[in-house]
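Chemist: Whatever this is, show me its structure:
(one chain, ligands or ions: 1)
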Amino acid sequence: MSSPDTLARLEATIAARSGADPDSSYVARLNAKGLRKIAQKLGEEATETVIAALTEDEKALVGESADLLFHLMVLLGAKGVPLSDVMAELDRREGTSGIAEKAARPKD
Ligand SMILES: N=c1c2ncn([C@@H]3O[C@H](COP(=O)(O)OP(=O)(O)OP(=O)(O)O)[C@@H](O)[C@H]3O)c2ncn1[C@@H]1O[C@H](COP(=O)(O)O)[C@@H](O)[C@H]1O
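Modeler: Modelled structure (predicted):
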């Protein structure tokens, strides 16, 4: 079933797999390699998503977007940042235009 719960389930799976055997778990393998590697993978997936958006079909964009979200979730897990904190930040922003928010930023 696909829903907002999908990311919550993935968060729980990632937490459960982080300390697993790196030979059998990709999440464990990434965590064993450390934060720098996780961040690098996230950057690669972001680039691949951009390339898919600009040069590939919708199926490729969906696949790369899933890779991107998955690796973001691994990064948040490695940093101990709950998904609910990110969702709360999006909720806080809800209804505020990005144009208005940017215009209200203090000028330096
Ligand atoms: N959603 C995913 C998911 N999406 C992508 N990937 C893996 O992410 C890896 C990245 O693929 P790439 O081709 O970009 O990278 P790569 O081939 O490893 O390339 P290099 O970095 O080695 O050069 C692949 O091994 C994918 O299988 C995922 N691996 C796991 N999950 C979820 O995490 C759960 C736990 O996985 P394990 O930790 O492996 O048990 C799974 O049940 C899934 O729910």
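Chemist: Quick one: residues contacting the residue minimising distance to the centre of the chain.
Modeler: Closest to where the C-alpha atoms of the chain average out (C-alpha atoms, centre = their mean) is residue 72, at 2.2 Å. With contact taken as C-beta atoms under 8 Å, 6 or more residues apart in numbering, residue 72 is in contact with residue 42. Quick note: C-beta positions are derived from backbone N, CA and C, even for glycine.
Chemist: Mind telling me what element it is part of?
Modeler: Per DSSP states H and E, residue 72 falls inside helix 58-79.
Chemist: ditto for residue 6
Modeler: Applying DSSP H and E as the criterion places residue 6 in helix 5-17.
Chemist: And for that helix, what's in contact with it?
Modeler: 25, 27-28, 69-70, 73-74, 76-77, 82-83.
Chemist: how about residue 104, phi and psi?
Modeler: The phi/psi pair for residue 104 (degrees, to the nearest 10) reads phi -90, psi 0.
Chemist: How about the residues of the chain by the ligand?
Modeler: For the chain, the contact set with the ligand under C-beta under 6 Å from any ligand atom comprises 10, 13, 17, 25-28, 41, 67, 70.
Chemist: From those, pick the one nearest residue 4.
Modeler: Nearest to residue 4 out of the residues of the chain next to the ligand is residue 10 (C-beta to C-beta; 11.2 Å).
Chemist: and the gap between residue 94 and the ligand?
Modeler: Residue 94 sits 27 Å away from the ligand, going by C-beta to the nearest ligand atom, to the nearest Å.
Chemist: any idea how far residue 101 is from that residue?
Modeler: In this structure, residue 94 and residue 101 are 12 Å apart, going by C-beta to C-beta, to the nearest Å.
Chemist: Might you quantify the distance of the helix or strand of the chain with the lowest mean pLDDT from its chain's geometric centre?
Modeler: For the chain, counting by mean pLDDT, DSSP states H and E, helix 98-103 ranks last in confidence among helices and strands (a mean of 90). Helix 98-103 sits 24 Å away from the centroid of its parent chain (C-alpha atoms, centre = their mean, to the nearest Å).
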